[in-house]
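Q: Sequence isn't available, so here's the structure alone:
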């Protein structure tokens, strides 16, 4: 059974640019969550999607957005990148979002210069 | 808001030297407590779910326990391959996980 796939694995962007990250959940999983991980703040919740609907959003500015497609694949977008957006962005999938375990992808390492 | 605190921040162990990691939590209603292992540059790997005080789960050299206010991850006779950051998290009723900052364990041969 394939795991959670995130693309790309690494990304370098310039301040002011925008970026789109992709996440393909485990087959059959309909809930996809996104987290930002930095050394100072740890893992912070960005948002969660289920059946193309955003059910919760964390305390991040509106520059951070996401969506989910009918095949459960999800994308997140960050516009007007800032240096502080440099982080490991992690995607997690679970069958319903209420399941005990969330399975994480390898993450996308975003560096903003 | 749910809060999760882990201690210590870092732990350096000699191979075979058993120790414990702590995860204390403050939640409005516990819906489970999860332990993850994270290797550098990788996503967290699920280890255990605990639901009620007194519950214990084991996997190889790891054993997780739960009380009403905290959870412990015991590492028995660790090996260098147990070196990683161990994270605990609690789920909310609105589909998010609140994570602790993690404990980075280094096991020297």
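A: Perfect, I can see it now. Not measured: the values here are computed from a predicted model.

Q: can you pull the buried residues of stretch A:85-104?
A: In terms of neighbour count (16 or more other C-beta atoms under 10 Å in any protein chain shown), stretch A:85-104 has its buried residues at A:85-95, A:97, A:101-104. Quick note: C-beta positions are derived from backbone N, CA and C, even for glycine.

Q: Taking those, tell me the two that lie furthest apart.
A: In terms of C-beta to C-beta, these reach their longest pairwise distance at A:86 and A:95, which sit 32.0 Å apart.

Q: Start and end of stretch B:57-70, how far apart?
A: Stretch B:57-70 has an end-to-end distance of 15 Å (C-alpha to C-alpha, to the nearest Å).

Q: Show me which residues of chain A are close to chain B?
A: Counting by C-beta under 8 Å from any C-beta of the partner chain, chain A comes close to chain B at A:4, A:6, A:31, A:33, A:35, A:42-43, A:45, A:48, A:50, A:55-56, A:58, A:88, A:90, A:92, A:97-98, A:100-107, A:109.

Q: again, only using 6 Å
A: A:42-43, A:45, A:48, A:55-56, A:90, A:97, A:100-101, A:104-107 (C-beta under 6 Å from any C-beta of the partner chain).

Q: wait, which of those residues is closest to residue B:87?
A: residue A:43 (7.1 Å).

Q: name the element the closest one belongs to?
A: Using DSSP states H and E, residue A:43 maps to strand A:42-50.

Q: and that strand, what other elements does it pack with?
A: The helices and strands touching strand A:42-50, judged by 3 or more C-beta pairs under 6 Å, 6 or more residues apart in numbering or on different chains; DSSP states H and E, are strand A:31-38, strand A:53-57, strand A:64-68.

Q: Tell me what residue B:34 is bridged to.
A: residue B:49, residue B:89 (DSSP bridges).

Q: Distance check, the closest residue to chain B within chain A against residue B:8.
A: Chain B sits closest to residue A:104 of chain A, with a gap of 3.5 Å, by C-beta to the nearest C-beta. The gap separating residue A:104 from residue B:8 is 24 Å, by C-beta to C-beta, to the nearest Å.

Q: contacting residues for the closest residue to chain A within chain B?
A: Nearest residue of chain B to chain A (C-beta to the nearest C-beta) works out as residue B:43 at 3.5 Å. With contact set as C-beta atoms under 6 Å, 6 or more residues apart in numbering or on different chains, residue B:43 has these partners: A:90, A:104-107.

Q: ok, for it, nearest residue in space, not its chain neighbours?
A: Distances taken as C-beta to C-beta, 6 or more residues apart in numbering or on different chains place residue A:104 nearest to residue B:43, at 3.5 Å, with adjacent residues excluded.

Q: hang on, that neighbour packs against residue A:90?
A: Yes: Residue A:104 is within contact range of residue A:90, at 5.4 Å (criterion: C-beta atoms under 6 Å).

Q: Pick out the residue nearest the middle of chain A.
A: By C-alpha atoms, centre = their mean, chain A has its centre lying nearest to residue A:34, at 3.3 Å.

Q: roughly how far apart are the residue of chain B closest to chain A and residue A:92?
A: Distance from residue B:43 to residue A:92, by C-beta to C-beta: 8 Å.

Q: shared neighbours of the two, anything?
A: Residues touching both residue B:43 and residue A:92 by C-beta under 6 Å, 6+ apart: residue A:104.
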